[in-house]
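In: Task: produce atomic coordinates for the following.
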Amino acid sequence: MQPVQDEMSIFSLIVNASVPVQIVMLILLAISVVSWTYIISKRLTLKRTQSQTREFENAFWKGGDLSSLHQSISRNTEEHGALARIFEAGMSEFMKARRTGNTDVNALMDGPNRAMRATYQRELDLLDSRLNFLASAGSVSPYIGLLGTVWGIMHSFIGLSTAQQATLAAVAPGIAEALIATAIGLFAAIPAVIAYNHFSNDIDKLASRFDSFIDEFLNILQRQVR
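Out: The predicted model follows:
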């Protein structure tokens, strides 16, 4: 009884699997490792961005001098985060427009608006980076695992056709190794899908905060001109 149990252990099934099934397992393992690397990296990035956004909003809405805040942020924009960089782009463009002596409100607001929108888009592109891989991993991994399953089952039945006695014990190891490929595919896909949905929701919330800030900041600048 013990040899049969050893033969049906997960480790022995993986080691003794046919080469195509092992290749499928290796591909899925690689996808899983890369996915988890991106998940951890993106989680840290979003956590830092959320913290930096809160800190900047607190500093901005304290009602201090905007020029002083701009100078403070300009020294090291990376340290202050995405929203601070959006503010810095808009404030720099506004100060540049004021120095020209132009008194037209629409002309003065157009530059800061375009500068902030361009920075806003760049920041969102950075936050969205690598999410496509998680989406692809979540949708493709089960099918890759299924490919390994189909191959393993097909291989088992081909071997059964040449066996002298057709029994469940003859095909059980092959079917088991095939199902392991499906399990690994799901193991790679499920975390990727959950992470993609979670990160997309967090990024949408940040995008909404950035967008609201741009509108509010433009209103503040407009009141200063008038």
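In: quick one: what helix or strand has R54 in it?
Out: helix 19-60 (DSSP states H and E).
In: pLDDT (mean, whole number) over that helix?
Out: Averaging pLDDT along helix 19-60 yields 93.
In: ditto for stretch 79-92
Out: On average, stretch 79-92 scores 93.
In: So what touches that stretch?
Out: With CB atoms under 8 Å, 6 or more residues apart in numbering as the test, stretch 79-92 has contacts from 48-49, 51-53, 55-57, 60, 66-67, 69-70, 73-74, 77, 112-113, 115-116, 118-120, 123, 126-127, 206, 209-210, 213-214, 217-218, 221. (Glycine included, C-beta is placed from N, CA and C.)
In: give me every residue that touches the residue positioned nearest the centre of the chain.
Out: The chain has L131 as the residue nearest its centroid, 3.3 Å off, counting by CA atoms, centre = their mean. The neighbours of L131, taking CB under 8 Å, 6+ apart as the test, are 42, 196, 199-200, 203.
In: now, among these, which is nearest to S139?
Out: Y196 (9.5 Å; CB to CB).
In: correct me, but that closest one touches S136?
Out: No - the pair formed by Y196 and S136 falls short of the contact definition of CB atoms under 8 Å, at 9.4 Å.
In: More neighbours: which of the two?
Out: Y196 (23 against 14; other CB atoms under 10 Å).
In: what packs against the helix or strand containing L206?
Out: For L206, the host element (DSSP H and E) is helix 168-225. Here helix 168-225 touches helix 10-15, helix 19-60, helix 82-99, helix 105-128, helix 131-161, going by 3 or more CB pairs under 8 Å, 6 or more residues apart in numbering; DSSP states H and E.
In: how near is T49 to E55?
Out: 11 Å (CB to CB, to the nearest Å).
In: Quick check: which ranges of this protein have low pLDDT?
Out: 1-10, 159-174, 226 (pLDDT under 70).
In: hmm, try it at 90
Out: Scanning the chain for pLDDT under 90 picks out 1-25, 62-68, 72, 74-80, 95, 97-108, 146-184, 221-226.
In: Enumerate every residue touching the closest residue to D202 other than its chain neighbours.
Out: Leaving aside its chain neighbours, D202 sits nearest to L46 (5.2 Å; criterion: CB to CB, 6 or more residues apart in numbering). Neighbouring residues of L46 by CB under 8 Å, 6+ apart: 127, 199, 202-203, 206.
In: Greatest separation within those residues: which pair is it?
Out: Pairwise distances across the contacts of L46 (CB to CB) peak at 10.4 Å, for the pair F199 and L206.
In: List the contacts of stretch 48-65.
Out: 69, 73, 80-84, 87, 127, 202, 206, 209, 213.
In: Between which two of the residues you listed is the distance greatest?
Out: It's L69 and D202 that sit farthest apart of those, by CB to CB, at 25.8 Å.
In: Does I184 touch I27 like I think?
Out: No - applying CB under 8 Å, one finds I184 not in contact with I27, separated by 9.5 Å.
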